[in-house]
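>>> Dropping the sequence and predicted coords here.
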Amino acid sequence: MNSYPRFARGAKQRPSGARSARSGGFFNPRNSYNNRNRRAGSGGGYREHIDISRFVKQAAGEIQSTPVSITNRFEDFDLSPILKSNIKKLGFSIPTPIQDQAMPLVLKGSDVIGLANTGTGKTAAYLLPIIEKILKDNRSEAVIIAPTRELALQIDNDFKNLSRLTGISSAVLVGGMPSRPQMQQLRYRPNVVIGTPGRLKDFQQRRLVNFSHFATVVLDEVDRMLDMGFINDIKEIIGQLPKNRQSLFFSATMPDRIRTLSEQFLKEPVIVSIGSNQTADHVEQNVIKTSSAYEKIDELKKLLSQPGADKVLIFSDTKRSVEKLSEELKREGFKTESIHGNKRQSQRQKALDEFRQNKINVLVATDVAARGLDIKNVTHVINFTVPHTYDDYIHRIGRTGRANCKGIAYTFA
């Protein structure tokens with residue numbers, strides 16, 4: 001008897017005539033993941049040697065407690081009544097450690113480097129002080145730079161929730177989407193502009209955005225932006241900002257390149273570090289060793305069929321492999337979609353929305369989904385391919401075990 005029952009609401013029976021993983025369609029040995037993984041990064045670029053024992057870790061038994069003490073409640077911060085009311089309506093009373101330690105510094109006007117794991121509330125740690133700053137001076141403007149469209153849209157959604165009834169508006173400027181609606185947003189003179197480096201630079205060159213107006217700049221997931229090759233765009237953008245500004249860098253890790261960038265553009269920054277560059281204590285981590293591409297896909301299907309694997313995020317390293325794996329799982333009856341750089345933004349957003357709403361329970365993605373996205377109740381993260389760096393691993397598995405829930409992460413090796 002099969003000890004791995006299908007999802008209760010997940011997979012349908014495989015349609016008759018569907019190709020098997022062994023039929024030579026998806027997992028042709030000449031095009032196998034095993035062959036591809038022998039190269040140093042299938043998409044090109046650096047691949048760090050990682051001891052796979054670092055992918056094995058038992059989850060802590062007590063996940064409710066935190067080793068970092070919280071000294072404030074939101075009501076203790078110097079925030080306007082309307083902002084405190086919005087926070088309360090959203091159901092928050094006690095800040096997370098990064099919010100507790102970073103917000104007083106940001107409210108005071110200091111340059112801050114905030115380092116904390118994914119899912120720890122870094123976004124609100126800078127959004128709340130920015131909104132407060134604008135409430136006190138409606139001429140104040142801020143630019144928030146994010147590495148991906150998805151993260152920029154998520155930041156804007158958080159901003160709208162926190163700034164309800166304040167009259168403060170935002171504009172989102174991201175690539176891969178029509179520019180005309182974004183130009184329309186700028187006509188309303190928003191106080192906050194959220195964008196990806198390429199589109200921000202494009203709009204500046206077309207004289208639609210003037211960087212000299214922004215008194216506050218935020219680089220969110222700055223390590224990912226550097227990994228994606230945005231360093232020159234970022235330097236050019238920051239170089240056009242006013243010298244008398246507040247600069248905020250937020251990230252989960254701090255490689256040397258961030259330190260160098262901060263030394264160049266930040267004034268006496270205060271570093272707030274909350275367990276950065278560490279995997280979450282409440283994510284159980286393990287390695288699955290396979291000897292062939294056929295065994296690999298079989299083991300993956302067993303994992304997806306286990307009880308409790310209700311919402312699974314699978315990472316693979318190339319756009320092509322993500323799409324092929326997604327199609328293979330669909331043929332096997334799993335409710336699956338994919339997101340990667342070759343898909344239109346509307347397709348990517350639709351897949352994310354369906355995943356959030358549990359219309360699908362398996363999402364296959366490249367690392368575009370690993371940074372910053374807050375998807376609730378992800379039960380499992382599966383690294384179908386080994387991440388290029390340990391920092392990438394931290395960000396990938398950070399999609400599960402969020403908000404002090406338990407999560408499970410598997411890495412194929």
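That came through, no problem. Keep in mind it's a predicted model, so treat the numbers as computed, not measured. Residues are numbered from 1 along each chain as shown.
>>> for the stretch 51-200 of the chain, which spans come out with low pLDDT?
51-68 (pLDDT under 70).
>>> what about the helices in it?
Residue ranges of the helices in the stretch 51-200 of the chain, as given by DSSP state H, counting those that start in this stretch, are 81-89, 97-108, 122-136, 149-162, 179-186, 197-205.
>>> which stretch among these comes nearest Ile168?
Minimum separation from Ile168 across those (C-beta to C-beta) falls at helix 122-136, 5.3 Å. Using the backbone N, CA and C atoms, a C-beta is placed for each residue, glycine as well.
>>> Can you pull out the residues in contact with that closest one?
Helix 122-136 is contacted from outside by 77-80, 82-83, 87, 96, 98-99, 102-103, 106-107, 114, 116, 140-142, 144, 154-155, 158-159, 162-163, 166, 168, 191-192, 216, 218, 220, 248, 250, 372, using C-beta atoms under 8 Å, 6 or more residues apart in numbering.
>>> does Thr148 really touch Val368, like I thought?
Yes: using C-beta atoms under 8 Å, Thr148 is in contact with Val368, at 5.7 Å.
>>> Buried members of the contacts of helix 122-136 into PyMOL, please.
Selecting only the buried entries of the contacts of helix 122-136 in PyMOL, with 16 or more other C-beta atoms under 10 Å as the criterion:
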select buried, resi 77+79+83+87+96+98+99+102+103+106+107+114+116+140+141+142+144+154+155+158+159+162+163+166+168+191+192+216+218+220+248+250+372
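>>> start to end distance for stretch 86-98?
Separation of the first and last residues of stretch 86-98 by C-alpha to C-alpha, to the nearest Å is 20 Å.
>>> Now the helices of the stretch 51-200 of the chain in CSV, please, with extra columns for distance to Val386.
Compiled in CSV, the helices of the stretch 51-200 of the chain are given as follows (distance: least, C-beta to C-beta, whole Å):
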stretch, distance to Val386
helix 81-89, 40
helix 97-108, 29
helix 122-136, 26
helix 149-162, 23
helix 179-186, 37
helix 197-205, 28
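>>> Please name whichever of the ones you listed is nearest to Phe384.
Among the helices of the stretch 51-200 of the chain, the nearest to Phe384 by C-beta to C-beta is helix 149-162 (20.1 Å).
>>> starting at the chain centroid, how far to the closest one?
12 Å (C-alpha atoms, centre = their mean, to the nearest Å).
>>> now that helix against helix 197-205, angle please.
In terms of direction (axes from the mean of the first three to the mean of the last three C-alpha atoms, to 10 degrees), helix 149-162 departs from helix 197-205 by 70 degrees.
>>> quick one: the strands in the stretch 151-300 of the chain?
Secondary structure of the stretch 151-300 of the chain, counting by DSSP state E, counting those that start in this stretch: strands at 170-173, 192-195, 216-220, 246-251, 270-274, 283-288.
>>> C-alpha coordinates for the first one, PDB please?
Put plainly, it is strand 170-173. What follows is strand 170-173, C-alpha atoms only, in PDB (Å, rounded to 0.1, in the frame of the first residue of the first chain):
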ATOM      1  CA  SER A 170       2.400  56.200  -3.500                       C
ATOM      2  CA  ALA A 171       3.500  55.300  -7.000                       C
ATOM      3  CA  VAL A 172       4.900  51.900  -8.000                       C
ATOM      4  CA  LEU A 173       7.500  52.100 -10.900                       C
END
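>>> Give the other helices and strands that that strand contacts.
In this structure, strand 170-173 makes packing contacts with helix 149-162, helix 179-186, strand 192-195, helix 197-205, judged by 3 or more C-beta pairs under 8 Å, 6 or more residues apart in numbering; DSSP states H and E.
>>> at 10 Å what do you get?
strand 142-145, helix 149-162, helix 179-186, strand 192-195, helix 197-205 (3 or more C-beta pairs under 10 Å, 6 or more residues apart in numbering; DSSP states H and E).
>>> Please apply the same query to the second one.
If contacts are counted by 3+ C-beta pairs under 10 Å, 6+ apart, strand 192-195 sits against helix 122-136, strand 142-145, helix 149-162, strand 170-173, helix 179-186, helix 197-205, strand 216-220.
>>> Figure out which of the ones you listed is closest to Ala309.
Of all the helices and strands packed on strand 192-195, helix 149-162 comes closest under C-beta to C-beta, at 23.4 Å.
>>> tilt between that closest one and helix 81-89?
Taking the same axes, to 10 degrees, one finds that helix 149-162 is oriented at 110 degrees with respect to helix 81-89.
>>> Just tell me which of the helices and strands packed on strand 192-195 ends up closest to Lys350.
helix 149-162 (12.0 Å).
>>> Quick check: Phe384 touching Ser316?
Yes: here Phe384 reaches Ser316: they are 4.6 Å apart, a contact under C-beta atoms under 10 Å.
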